[in-house]
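K.L.:
generate coordinates for the sequence data below:
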Amino acid sequence: SSHPFRPLMCFTLMFCVVSVTNVPPPHSTIRPGSPVPVNTNNPGVRKAARFGVYRYNNSSNDLFLFKESQIKKAMVQVVRGLKYMLHVEIKRTVCEKRDHSSLDSCHFQRKKNLQRMLRCYFEVWITPWTHKVHIPVAHCH
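P.N.:
As a prediction, this is how the structure comes out:
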């Protein structure tokens, strides 16, 4: 018997995304994968963290943009795409929101009274074949 999943897109580092069209029927014993730890330097993790930061910046009323400073912990789950669960530290940059700067070129605040660090938990769900990103959870404190 053939395996009900067939790889749709493989990432060189460690995982394949399975095609939505081949999800097994509900009575099947096969379940989507459990979350597994993934290296915080993984390019997919870094991209997902940046999406979380975009979401934070869009909802904050801070004058400045924040940017990820450190990814503390990352998990990934294969579930109709890739769902990343990330613990990320973000810091205030020198870039003002109204300038629409590229975060890559934004440096962290050096002025003591303007420095700010937040700890965030992001859930970022990426379906590469539809080019969709959904961020159901973005908590920062």
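K.L.:
for stretch 90-110, which positions count as buried?
P.N.:
Going by neighbour count (16 or more other C-beta atoms under 10 Å), the buried part of stretch 90-110 is 90-93, 95, 97, 106, 108-109. For the C-beta atoms, the positions are set from N, CA and C on the backbone; glycine is no exception.
K.L.:
flag the least confident of these.
P.N.:
Checked by pLDDT, the buried residues of stretch 90-110 have residue 97 as the lowest-scoring entry (94).
K.L.:
how close does the nearest residue to residue 82 once chain neighbours are set aside get to residue 61?
P.N.:
Nearest residue to residue 82, sequence neighbours excluded (C-beta to C-beta, 6 or more residues apart in numbering): residue 126, at 5.0 Å. For residue 126, the distance to residue 61 (C-beta to C-beta, to the nearest Å) stands at 27 Å.
K.L.:
between the two, which has more neighbouring residues?
P.N.:
Taking neighbours as other C-beta atoms under 10 Å, residue 126 and residue 61 compare with residue 126 leading, 20 against 5.
K.L.:
CA-only coordinates of stretch 81-92 in CSV, if you can.
P.N.:
This file holds the C-alpha atoms of stretch 81-92, laid out as CSV (Å, rounded to 0.1, in the frame of the first residue of the first chain):
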residue,chain,number,x,y,z
GLY,A,81,2.1,23.6,6.1
LEU,A,82,4.6,24.5,8.8
LYS,A,83,3.5,25.9,12.2
TYR,A,84,6.3,27.6,14.1
MET,A,85,6.1,28.2,17.8
LEU,A,86,8.7,30.7,18.8
HIS,A,87,10.0,32.4,21.9
VAL,A,88,11.7,35.6,20.7
GLU,A,89,13.3,38.6,22.3
ILE,A,90,12.7,41.8,20.3
LYS,A,91,14.3,45.2,20.8
ARG,A,92,13.4,48.7,19.8
